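In: Next come a sequence and a model predicted from it.
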Amino acid sequence: MNFVRVMLMAALTAVLLSLAAGTVSAAYLAEDNNVPPKTSECLPLEEVSFNYGLNGLIMRNMRLTNPSSRIPPPTTADYPANSFFDLYMEVDIPDMGVYGMPFRGTAASTIIYQPLTAAPSEWHLETEMSTLEGTIRESPTPTHEVFIRESPTEPSRGTTSMRSVPGGYMIDSFFDIFIEVSTDGENWLPVSNYSPDGGQNWLAGEHPLHMQGVPEPGTLALLMAGFVALLAYTWRRRPS
């Protein structure tokens, strides 16, 4: 029991330190090892810019959540996992007077998982997001919309590592996604070097967005509850 308490304390301390730093560490505890992760997001303050209009277009805080389909990790051959995600990001379009505006939508994705090694309690996969296509709209009032896709020319690769631990699985997952956008909605006003084009004129980002799998809020809440319970148990067990 002492060993279990020590391990639980170490895991909870790592999570608390990560939260205090404003980020969650790459490896996190999950209840299952199915892929893709339930939530992936880019690092805080990371952004990607596009050569749009006079002053560009900037996206940050991209988040993919609630995949419609998840599968056990493949162990013998490459496997494409098809799923729909809820997509969120914040957008700056200075030419339109849009700064830090939340945009939300849905995106269809195909992620190819290639098994590298598989043991009874460990899995290591190479991954490539071969497609990501969706539309995001300004929230809460959908005045503007942006079309999103994964680059058809730049590979968006990553890795996923998992191992079984008491209480679930430790997951370490990331993608470097090359994003392209099209701003062709009928509600957009034309700017000096842009005219609506029906979604045919795609703009490439300067660099990929680094997306990491992260624990769900419910998992963090459970860990916090466990931490509090462990503190209470330790307090009750202290010498008089």
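Out: Thanks, I have the structure now. Just so you know, these numbers come straight off a predicted model, no measurement behind them.
In: What strands line up against the longest strand belonging to the chain, and which way round?
Out: Longest strand in the chain by number of residues, with DSSP state E as the criterion: strand 98-119. Take DSSP bridges as the rule and strand 98-119 pairs in its sheet with strand 79-93 (antiparallel), strand 122-138 (antiparallel).
In: Where does the residue nearest the centre of the chain sit, in terms of helix or strand?
Out: Per C-alpha atoms, centre = their mean, the C-alpha nearest to the average position across the chain is that of residue 40, at 1.7 Å. When elements are assigned from DSSP states H and E, residue 40 belongs to strand 39-42.
In: Following the chain past the helix or strand bottoming out on mean pLDDT in the chain, name the next helix or strand.
Out: Comparing every helix and strand of the chain by mean pLDDT, DSSP states H and E singles out helix 2-21 as the least confident one, with a mean of 50. Proceeding C-terminally, helix 2-21 gives way to strand 27-30 as the next helix or strand, assigned by DSSP H and E.
In: buried set for that next one?
Out: By neighbour count on 16 or more other C-beta atoms under 10 Å, the buried set for strand 27-30 is 27-30. No exception for glycine: its C-beta is placed from N, CA and C like everyone else's.
In: least trustworthy position among those residues, going by pLDDT?
Out: When the buried residues of strand 27-30 are compared on pLDDT, residue 27 comes out least confident, at 89.
In: so who does it touch?
Out: Shown here is residue 27, whose contacts under the criterion C-beta atoms under 8 Å, 6 or more residues apart in numbering are 170-172.
In: Looking at these, which is nearest residue 105?
Out: Using C-beta to C-beta, the shortest approach to residue 105 within those belongs to residue 171, at 25.6 Å.
In: which residues touch the host helix or strand of that closest one?
Out: In the assignment (DSSP H and E), residue 171 maps to strand 168-177. Residues from elsewhere that reach strand 168-177 (C-beta under 8 Å, 6+ apart): 26-33, 35-37, 40, 62, 127, 129, 132, 150, 156-163, 208-213.
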